[in-house]
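Novice: could you work out the structure for the sequence below:
(one chain, ligands or ions: 2)
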Amino acid sequence: MKTKIIAYNRVEQPVLKKLKSKYDVHFFKNIDTKTDPEFLAQLYDAEGIIGLELPVDKELIDRAPNLRIVSNVSVGYNNLDVDYLNKRNIMATNTPDVLTDTVADTVFGILIATARRIPELDHMVKTGGWTTEAVEPEHFGIDVHHKKLGIIGMGRIGQAIAQRGHFGFDMEISYHSRTRKPDVEERFAATYCSLDDLLTQSDFVCLITPLTAETEGMLGKREFQLMKKDAIFINGSRGKTIVEQDLIAALRDGEIAAAGLDVFEKEPVETDNPLLKMKNVVTTPHIGSSTHETELKMSELAATNLIAGLNGDKPPNLVNSATWSKK
Ligand SMILES: NC(=O)C1=CN([C@@H]2O[C@H](COP(=O)(O)OP(=O)(O)OC[C@H]3O[C@@H](n4cnc5c(N)ncnc54)[C@H](OP(=O)(O)O)[C@@H]3O)[C@@H](O)[C@H]2O)C=CC1
Ligand SMILES: O=CC(=O)O
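Specialist: Ligands and ions are numbered 1, 2, ... in the order given. You can find the predicted model right below:
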């Protein structure tokens, strides 16, 4: 009998086909995983899960007594209760590196779109608002090049953003992360800062940390007030790394100039979220890594991790190494 696995949400078709040739695959998309009877029935004897943003909490893990591996199709794994997976000795994996450049492109795209007000101007042109020969100063944006870019989270994606800022736009790079990175400082002429110094000095503040117990609510009222009044804030990390209500207040009260957001406290973002009514906010639907090429690479890497784990080999991107040392 084939090993049963659950595929959830986004697994690209060629990868799904390959998995189906090896395993008894049950695919689910956008269901309520706490109540969907078919999902809960299949979960009971599933040995592997592969997918995007499945909330793998204690309740779900307890319903899966045969589970051996959870393979996330994302680099962030804040959807997993890693402590409880460790307790149950279930492996967890993610998809780093293959998405780094694509996410950095998205973040930089949002940064430029926010500074130069591209979505707002696009709307103006398409709706017949371009009525005089010359655009007016009220439509002008602000420069990106030669400005100060502060990056919070100088990991893989943070470094790819720094590369674009430094080499592409002659920006002055400063960063904050848990550890200092001399090689990064040399490559991008970057300066390490305390969080407060970064917030006070940067023209663009770009947040790209994982969501953890430490980073949850990392930027709130005090932090937005520390930023320059003409600063632009970009969030590519997770919605909960900031206090969204405080960002709304900071934008409303002119504490900061604008924001570009790929992530929100609640996703999909609620249609009555005040951020959606603000002209100085540019939004995208948590789509940082989602190009055709990169989604395929992520699915392939997630499948490689899953197959290795189910074969009894160490998956290349195991995030809870404690489970391997117990084997
Ligand atoms: N919007 C989207 O579609 C996407 C969003 N993401 C998000 O981006 C995140 C980062 O990915 P990636 O760059 O690959 O991850 P990395 O692990 O390579 O980098 C994370 C960085 O965050 C820093 N960091 C962690 N905790 C803190 C903290 N408490 N204070 C300051 N800095 C901290 C780390 O510091 P140190 O180096 O010192 O350990 C590291 O520099 C993902 O976890 C995910 O949440 C990722 C992909 C797509
Ligand atoms: O948000 C996406 C990820 O890969 O993490």
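Novice: pLDDT score for residue 283?
Specialist: Looking at residue 283, its pLDDT is 98.
Novice: and the gap between residue 230 and residue 280?
Specialist: The spacing between residue 230 and residue 280, counted by Cβ to Cβ, to the nearest Å, is 11 Å. Where C-beta positions appear, they are placed from N, C-alpha and C, glycine not excepted.
Novice: more crowded one of these two?
Specialist: Using other Cβ atoms under 10 Å, the more surrounded residue of residue 230 and residue 280 is residue 280, with 16 against 11.
Novice: how about the more buried one, what does it touch?
Specialist: By Cβ atoms under 8 Å, 6 or more residues apart in numbering, the contact set of residue 280 is 114, 251, 257, 258, 259.
Novice: got a winner among those residues for most neighbours?
Specialist: Neighbour counts for these (other Cβ under 10 Å) peak at residue 114, which has 27 neighbours.
Novice: was I right about residue 25 contacting residue 15?
Specialist: No: using Cβ atoms under 8 Å, residue 25 is not in contact with residue 15, being 10.4 Å away.
Novice: quick revisit: among the contacts of residue 280, which are located in helices?
Specialist: Counting by DSSP state H, those place 114, 251 in helices.
Novice: which of the contacts of residue 280 sit farthest apart?
Specialist: Across the contacts of residue 280, the longest distance by Cβ to Cβ is 11.5 Å; it joins 114 and 251.
Novice: spit out the residues that contact these two alike.
Specialist: Common contacts of residue 114 and residue 251 (Cβ under 8 Å, 6+ apart): 258, 259, 280, 281.
Novice: and the stretch 151-300 of the chain, which residues reach ligand 1?
Specialist: Residues of the stretch 151-300 of the chain lying near ligand 1 by Cβ under 6 Å from any ligand atom: 153-158, 176-179, 208-212, 214-215, 236-238, 262-263, 286, 288-289.
Novice: in strands, which of these appear?
Specialist: Here DSSP state E is the test, and these give residue 176 as lying in strands.
Novice: can you pull out the helices in the stretch 101-250 of the chain?
Specialist: 118-126, 156-163, 169, 182-188, 195-201, 221-226, 244-252 (DSSP state H, counting those that start in this stretch).
Novice: distance of the residue of the stretch 151-300 of the chain found nearest ligand 1 from residue 45?
Specialist: Relative to ligand 1, the nearest point of the stretch 151-300 of the chain is residue 155 (1.6 Å; Cβ to the nearest ligand atom). According to Cβ to Cβ, residue 155 and residue 45 sit 37 Å apart.
Novice: comparing those two, which residue is more hemmed in?
Specialist: Between residue 155 and residue 45, counted using other Cβ under 10 Å, residue 155 has the larger neighbour count: 18 against 13.
Novice: so where is the protein shaky, pLDDT-wise?
Specialist: Applying pLDDT under 70 to the chain flags residues 326-327.
Novice: can you list the contacts of residue 280 in a markdown table and add distance to ligand 2?
Specialist: Shown next, in a markdown table, are the contacts of residue 280 (distance: Cβ to the nearest ligand atom, whole Å):
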| residue | distance to ligand 2 |
| --- | --- |
| 114 | 19 |
| 251 | 23 |
| 257 | 26 |
| 258 | 22 |
| 259 | 18 |
